[in-house]
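Visitor: Structure of the sequence below:
(one chain, ligands or ions: 2)
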Amino acid sequence: MNYLKEDTIAALSTAMGKSAIAILRLSGKDSFKIINKIFKAKSKSEQQVKYGYILDGVEKKDEVMCTFFKNPHTYTGENLVEIAVHGNPVIIDEVLQLLYKNGARPAEPGEFTYRSFLNGKIDLIKAEAVCDLIMSKTKMAVKAALNNISGEFSVKIKNINDVIINLLVFIEANLDYPEEDITFLSRREKISKVDLCIENVQNLLNSYKISRSLYHGVKVAIIGKANTGKSSLLNAILNKNKAIVTNIEGTTTDIIEETIDYRGISLTIIDTAGLRSHSKNLIEMLGQKRTKETVMNANILIWLFDNSLNLEEDDIKIADFLIKSAVNIPVIGVLNKCDIASNLCLIDNPDLRFIFSNVVKISAKTRTGISNLLDVIYKIIGINTSYENNDKLMINTRHFMLLLNAFKALVKTKKALMEDADEIACFEITAAQAALNEILGFNVKHDILDTIFSTFCIGK
Ligand SMILES: Nc1nc2c(ncn2[C@@H]2O[C@H](COP(=O)(O)OP(=O)(O)OP(=O)(O)O)[C@@H](O)[C@H]2O)c(=O)[nH]1
Ligand SMILES: [Mg+2]
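Guide: Ligands and ions are numbered 1, 2, ... in the order given. The predicted structure follows:
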């Protein structure tokens, strides 16, 4: 990636397409020089926002508004201009080409935010959250990303680091002046400070799983034998006739899915072809192959049973398949058609019961038990009332790995302190501090930064 700081960069910052306005951004030391070559203000106002024309020589290219931001109080920390042109791809391209012709170069992905990070305007947590905020699929995800941008996650890391710095001072003083008669922290006091850090890091680690569900959404696949009511359940959850329902076995031969926002979580509900061994129909067999692939990519499985039937060989085959392939995926056992019968008692079946994280009774036909089923899914994701009411954060895999390193180093620090091995404690707690600082963006290797910012779109 060519993230050269000296260049002045330009890009379209809004989505390409037809719209009322589109914003082009220009940032770098020559921003004002370049814009003044192609922009002629219509009024002589001294205001930051100017109305006028973009000109190629004398030829008018568009009627625009230019907003001038003088460094250092700008998004990038550099001189920055935002040009609001008419949202037509032809105009956008012409104005961009003019900017390039007059000294700017095309911005790389995420380069405006990268400059903001390099110029100390934002830390790495906040930079990453800019992308998360734009990609967020639900209100709850937006809230979490916004909390990161507002600095709530950064403050938590800084608070842990403050305790570590304070501890380091005492441990180092102990090592440097063992004979001096200075009041040092007692061993118990030091350990209780480390415990506090461990607890706070642990709390952040615990938020990782929910963060990932918030960010990526959750895929819920409905599987089971043919005719158990999988498509009926999809339709009941969506509250519309999305999938065809008949009493013929093997009606669904392909994957049918739709995404809903369920109380802040983006849930993709996936209906699959029924699994049965005696089918000779090629299309159905191909559909069953897709069902098995879907299982591998799902986050949660609903294994649907027809409650009016007894267990059959096909159920045992599905159980074998799940035990082999879906080891870490929670499986909800759902008993359907409870409006007509209740023959099957999965709760008591020793061959199957251990597979299920939960067992739920429903009737897809009468829509009984659907909201209970969705609540069970919500709980499996890890969301409870306390999570709903408290501040949410976006913790990504990079943060998680570094938090884990910090956690391990803090546990070793505690052990060393308990054994009066202050030198080891000093080494380990410094390692914990380094891991936490890396979350904020200190001493991050260039290739890691490149990877982070390359996932951004051009113009961010
Ligand atoms: N009484 C009753 N019938 C149901 C219920 N759910 C589904 N059915 C009926 O069961 C039959 C099969 O329903 P589908 O939803 O097509 O079943 P499926 O599991 O998708 O079937 P395949 O696509 O063939 O695997 C239809 O006749 C439905 O009307 C229920 O809760 N109660
Ligand atoms: Mg079906």
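
Visitor: the strands in the stretch 351-460 of the chain, which residues?
Guide: Using DSSP state E, counting those that start in this stretch, the strands of the stretch 351-460 of the chain run over 356-361.

Visitor: quick check: longest strand of this protein.
Guide: strand 59-69 (DSSP state E).

Visitor: Could you spell out the sheet neighbours of the next helix or strand after that strand, each with its direction?
Guide: Helices and strands here follow DSSP states H and E; after strand 59-69, the next one along the chain is strand 80-87. Partner strands and pairing direction for strand 80-87 (DSSP bridges) are strand 19-27 (antiparallel), strand 59-69 (antiparallel).

Visitor: contact partners of the shortest one?
Guide: With contact meaning Cβ atoms under 8 Å, 6 or more residues apart in numbering, strand 19-27 is reached by 8-14, 16, 34-35, 74-76, 78-88, 91-92, 95-96, 99, 104, 107, 112, 115, 459. For the C-beta atoms, the positions are set from N, CA and C on the backbone; glycine is no exception.

Visitor: Repeat that for the longest one.
Guide: With Cβ under 8 Å, 6+ apart as the contact definition, strand 59-69 has outside contacts at 32, 35, 38-39, 41, 48-55, 75, 79-86, 91, 94-95, 98.

Visitor: where's the residue in the chain positioned nearest to ligand 1 relative to Arg188, distance?
Guide: In the chain, the residue that lies nearest ligand 1 is Gly274 (2.6 Å; Cβ to the nearest ligand atom). Per Cβ to Cβ, to the nearest Å, Gly274 is found 63 Å from Arg188.

Visitor: now swap in Val95 and tell me
Guide: 67 Å.

Visitor: do the same with Lys37
Guide: For Lys37, the distance to Arg188 equals 69 Å [Cβ to Cβ].

Visitor: Which of those two has more residues huddled nearby?
Guide: Ranked by neighbour count (other Cβ atoms under 10 Å), Lys37 and Arg188 place Lys37 first, with 13 against 10.

Visitor: That one contacts Ala104, correct?
Guide: No - applying Cβ atoms under 8 Å, one finds Lys37 not in contact with Ala104, separated by 10.4 Å.

Visitor: still on that earlier bit, quick one: secondary structure of the residue of the chain closest to ligand 1?
Guide: Secondary structure for Gly274, judged by DSSP: H, G, I helix; E, B strand; the rest coil, is coil.

Visitor: what's the answer for Gly52, then?
Guide: Per three-state DSSP, Gly52 ends up strand.

Visitor: got the contact list for the residue nearest to it when sequence neighbours are not counted?
Guide: Nearest residue to Gly52 in three dimensions, chain neighbours excluded: Ala41, at 4.0 Å (Cβ to Cβ, 6 or more residues apart in numbering). Residues near Ala41 by Cβ under 8 Å, 6+ apart: 50-52, 66.

Visitor: Tell me the spacing between Ala41 and Lys50.
Guide: 4 Å.

Visitor: Could I get the pLDDT score of the closest residue to Ile38 other than its chain neighbours?
Guide: With Cβ to Cβ, 6+ apart as the criterion, Ile38 has its nearest non-adjacent residue at 5.1 Å, and that residue is Leu98. pLDDT, the model's per-residue confidence, is 97 for Leu98.

Visitor: okay, now Leu98: neighbour count?
Guide: Other residues within reach of Leu98, judged by other Cβ under 10 Å, total 20.

Visitor: For burial, what's the neighbour tally of the nearest residue to Gly110 once chain neighbours are set aside?
Guide: Spatial nearest neighbour of Gly110, excluding adjacent residues (Cβ to Cβ, 6+ apart): Phe456 at 2.8 Å. For Phe456, the tally of surrounding residues (other Cβ under 10 Å) stands at 21.

Visitor: Give me the phi and psi for Phe456.
Guide: Torsion angles at Phe456 (phi, psi; degrees, to the nearest 10) stand at phi -70, psi 160.

Visitor: Quick one: name the residues of the chain near ligand 2.
Guide: Applying Cβ under 5 Å from the ion, one finds that the chain approaches ligand 2 through 230-231, 251-252.

Visitor: out of those residues, which is most surrounded?
Guide: Neighbour max across those (other Cβ under 10 Å) = Lys230, 31 neighbours.

Visitor: how close does that one get to Phe407?
Guide: As defined by Cβ to Cβ, Lys230 lies at a distance of 41 Å from Phe407.

Visitor: what do you get for Asn102?
Guide: 52 Å.

Visitor: pretty sure Leu436 is touching Asp162, no?
Guide: No - with contact defined as Cβ under 8 Å, Leu436 does not reach Asp162; the gap is 10.6 Å.

Visitor: Verify the contact between Gly274 and Thr228 for me.
Guide: Yes - Gly274 lies in contact with Thr228 (Cβ under 8 Å); the separation is 6.9 Å.

Visitor: Find residues that contact each of those two.
Guide: When Cβ under 8 Å, 6+ apart defines a contact, no residue borders Gly274 and Thr228 alike.

Visitor: any idea how the protein splits into domains?
Guide: Dividing the chain into domains by automatic domain parsing, as the record does, gives the ranges 9-121, 131-207+394-440, 217-388.

Visitor: Any chance of CSV for these, columns distance to His446?
Guide: Below are the domains of the chain laid out as CSV (distance: least, Cβ to Cβ, whole Å):
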stretch, distance to His446
domain 9-121, 11
domain 131-207+394-440, 13
domain 217-388, 32
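
Visitor: The ones you listed: which one's closest to Leu449?
Guide: Within the domains of the chain, the stretch nearest Leu449 is domain 9-121; the backing value is 7.3 Å (Cβ to Cβ).

Visitor: pLDDT wise, what is Ala173 at?
Guide: For Ala173, pLDDT reads 81.

Visitor: Can you verify it is assigned to a helix?
Guide: Yes - under three-state DSSP, Ala173 falls within a helix.

Visitor: Now for the residues of the chain next to ligand 2: which two are most distant?
Guide: Lys230 and Thr251 (9.4 Å).

Visitor: Name the nearest residue to Gly151, sequence neighbours excluded.
Guide: Lys126 (6.7 Å).

Visitor: Pretty sure the one you found sits against Ile157.
Guide: No - look at Lys126 against Ile157 with Cβ under 8 Å: they stay out of range, at 11.6 Å.

Visitor: who's more crowded, these two?
Guide: Neighbour totals were compared for Lys126 and Ile157, and Ile157 leads with 23 against 20 (other Cβ under 10 Å).

Visitor: need the contact list for the more buried one.
Guide: Counting by Cβ under 8 Å, 6+ apart, Ile157 touches 125, 436, 439-440.

Visitor: Then Gly110?
Guide: 127, 131, 452-457, 460.

Visitor: Could you rerun that using 7 Å?
Guide: The contact partners of Gly110, by Cβ atoms under 7 Å, 6 or more residues apart in numbering, come to 453-454, 456, 460.

Visitor: What does it show for phi and psi?
Guide: Note on Gly110: backbone dihedrals following degrees, to the nearest 10 are phi 70, psi 10.

Visitor: Now do it, the pLDDT please.
Guide: 92.

Visitor: can you list the residues of the stretch 351-460 of the chain near ligand 1?
Guide: Within reach of ligand 1 by Cβ under 6 Å from any ligand atom, the stretch 351-460 of the chain has these residues: 363-365.
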